[in-house]
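Engineer: Return a 3D structure for these sequence lines:
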Amino acid sequence: MQDAPNLFDTPLKGLKKKEWLQEVATIASEHGTYYALDKRHAAVLIEPEEIPQGETTLLVTFETLQGIQTLSDHGQPLGWDMVRALNWSHLSVISDGDTWFRTQGVYGFFDRMIDDGFFEEFDNVVFYGAGPCGYAACAFSVASPGATVLAVQPQATLDPRVTEWDDRFVEMRRLDFTSRYGYAPDMLDAAMQAFVIYDPSEQLDAMHAALFTRPNVTKLRTRRLGNAIQSDLVEMQLLYRLLARAGTGKLTEAAFAKLWRKRRDHPPYLRKVLATLDAAGRPYLSTLLCRNVTARMRAPRIQRRLDALLKSAADGKFTAPPPLAGGAE
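Structural biologist: This next block holds a predicted model:
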């Protein structure tokens, strides 16, 4: 275990693409394997320092170089934390930009892994990704029948014959989504269970989520969280807890609901709820929300909104709810 701290303490934040890949390849040469797939894709397998006791788990993540630099304080693939904390193995498939991993290099890599029986070496396999990477997590999970999939805001396909209503990625419609590993919802048929996290108030994400309706797919709704759910889950320290439960077969709707209560202490979420109430012209409910939040936590922006609401009530613009019991405003 002497090398483990060196592995996870390696500073990768802010490195250019070439330097970052070189550093990761060096680390992988000591702790796993590095695969150069093509000009825009690579894969990194990191193995735990100690042989796990009991069941073995592999986390397969799809990430972009840019996303890694944004989400990680150390510029490391997110699964490295799971290797360190839970003694899991981690396979990170990495792209330079959003490619939806629709290249022959990636197809060939998973073909070789299937032929080698790589995924069969593990008791539990979890596929994870968000957005375009969520699409890939679903699509390539077919390589490991019986796997668990956790996808955040995944697209089902960008084939305009199916999703012509999604105008966010028009420039990517030239990609082939009809050949191998193509239509993500169909690729989930081999999964033991899949979980799709999305905000139903984000119309296009909700429309894609509807295409994932399958007997083995559970939809986990995060209403009012917006269109950057992965970042919010990281900030709320929920993402790794969700992955840990997925890897042990303990992720359920009920388990997610308990974790999702963390949103009550997440200022960005609370501000979005407040903005929704304000837009709907509900000052009474806005006041109740502001009072609840400011009584539990320090929230300067919500406190300022509460002050403005109470002033409007004092001016007779609406009837404010009574003060909180035992509290002064």
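Engineer: in stretch 236-249, what's buried?
Structural biologist: M236, L238, L239, Y240, R241, L242, L243, A244, R245, A246, G247 (16 or more other C-beta atoms under 10 Å). Bear in mind the C-beta positions are built from the backbone N, C-alpha and C, glycine included.
Engineer: Looking at the residues you listed, which are in strands?
Structural biologist: Within the buried residues of stretch 236-249, no residue falls in strands by DSSP state E.
Engineer: Closest one of the residues you listed to G316?
Structural biologist: M236 (39.3 Å; C-beta to C-beta).
Engineer: What average pLDDT does stretch 65-84 get?
Structural biologist: In this model, stretch 65-84 has a mean pLDDT of 89.
Engineer: And for stretch 200-219?
Structural biologist: On average, stretch 200-219 scores 97.
Engineer: Can you pull out the low-pLDDT segments for this structure?
Structural biologist: Residue ranges of the chain with pLDDT under 70: 1-9, 52, 325-329.
Engineer: Could I get the buried residues of stretch 236-249 in JSON lines, plus columns for distance to D96?
Structural biologist: As requested, those are arranged in JSON lines below (distance: C-beta to C-beta, whole Å):
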{"residue": "M236", "distance to D96": "28"}
{"residue": "L238", "distance to D96": "28"}
{"residue": "L239", "distance to D96": "23"}
{"residue": "Y240", "distance to D96": "25"}
{"residue": "R241", "distance to D96": "29"}
{"residue": "L242", "distance to D96": "27"}
{"residue": "L243", "distance to D96": "24"}
{"residue": "A244", "distance to D96": "29"}
{"residue": "R245", "distance to D96": "31"}
{"residue": "A246", "distance to D96": "27"}
{"residue": "G247", "distance to D96": "28"}
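Engineer: So which of these are in helices?
Structural biologist: Cross-referencing the buried residues of stretch 236-249 against helices under DSSP state H gives L239, Y240, R241, L242, L243, A244, R245, A246, G247.
Engineer: and the second one, what is it in contact with?
Structural biologist: The reference is to Y240. D81, M82, A85 (C-beta atoms under 8 Å, 6 or more residues apart in numbering).
Engineer: Count residues in the vicinity of the first one, would you?
Structural biologist: Applying the criterion other C-beta atoms under 10 Å, we find 19 residues in the vicinity of D81.
Engineer: ok so it is a helix residue?
Structural biologist: Yes: counting by DSSP: H, G, I helix; E, B strand; the rest coil, D81 is part of a helix.
Engineer: That one - nearest residue in space that isn't next to it in sequence?
Structural biologist: Y240 (6.2 Å; C-beta to C-beta, 6 or more residues apart in numbering).
Engineer: G79 versus that neighbour, what's the distance?
Structural biologist: For Y240, the distance to G79 equals 10 Å [C-beta to C-beta, to the nearest Å].
Engineer: before we move on, what about L59?
Structural biologist: In terms of C-beta to C-beta, L59 sits 5 Å off from G79.
Engineer: sorry, back to before: which of the ones in helices among the buried residues of stretch 236-249 sit farthest apart?
Structural biologist: It's L239 and G247 that sit farthest apart of these, by C-beta to C-beta, at 12.6 Å.
Engineer: about what we covered before: shared neighbours, L59 and G79?
Structural biologist: In contact with both L59 and G79: W88, H90, L91, Y128, using C-beta under 8 Å, 6+ apart.
Engineer: in a strand, that's where the third one is, yeah?
Structural biologist: What that stands for is L91. Yes: according to three-state DSSP, L91 belongs to a strand.
Engineer: my read: it touches T61, true?
Structural biologist: Yes: when contacts are counted by C-beta atoms under 8 Å, L91 is listed as touching T61 (7.5 Å).
Engineer: Give the intersection of the neighbour lists for these two.
Structural biologist: G79.
Engineer: could you pull out the strands for the chain?
Structural biologist: Going by DSSP E, the chain shows strands at 32-38, 41-46, 57-64, 89-95, 124-130, 148-152, 193-198, 217-221.
Engineer: could you check the angle strand 32-38 makes with the second one?
Structural biologist: Put simply, strand 41-46 runs at 170 degrees to strand 32-38, going by axes from the mean of the first three to the mean of the last three C-alpha atoms, to 10 degrees.
Engineer: Kindly report the same for the last one.
Structural biologist: Following the same axes, to 10 degrees, one obtains 90 degrees for the angle between strand 217-221 and strand 32-38.
Engineer: Mind listing what's buried along strand 217-221?
Structural biologist: Buried, per 16+ other C-beta under 10 Å, within strand 217-221: V217, K219, L220, R221.
Engineer: Look up how far P200 lies from the last one.
Structural biologist: Relative to P200, R221 is positioned 5 Å away (C-beta to C-beta).
Engineer: out of the shared contacts of L59 and G79, which is most surrounded?
Structural biologist: When these are compared by neighbour count (other C-beta under 10 Å), Y128 ends up highest, at 30 neighbours.
Engineer: Contact partners for it?
Structural biologist: By C-beta under 8 Å, 6+ apart, the contact set of Y128 is L59, V60, T61, F62, G79, A137, V149, L150, A151, L243, A246.
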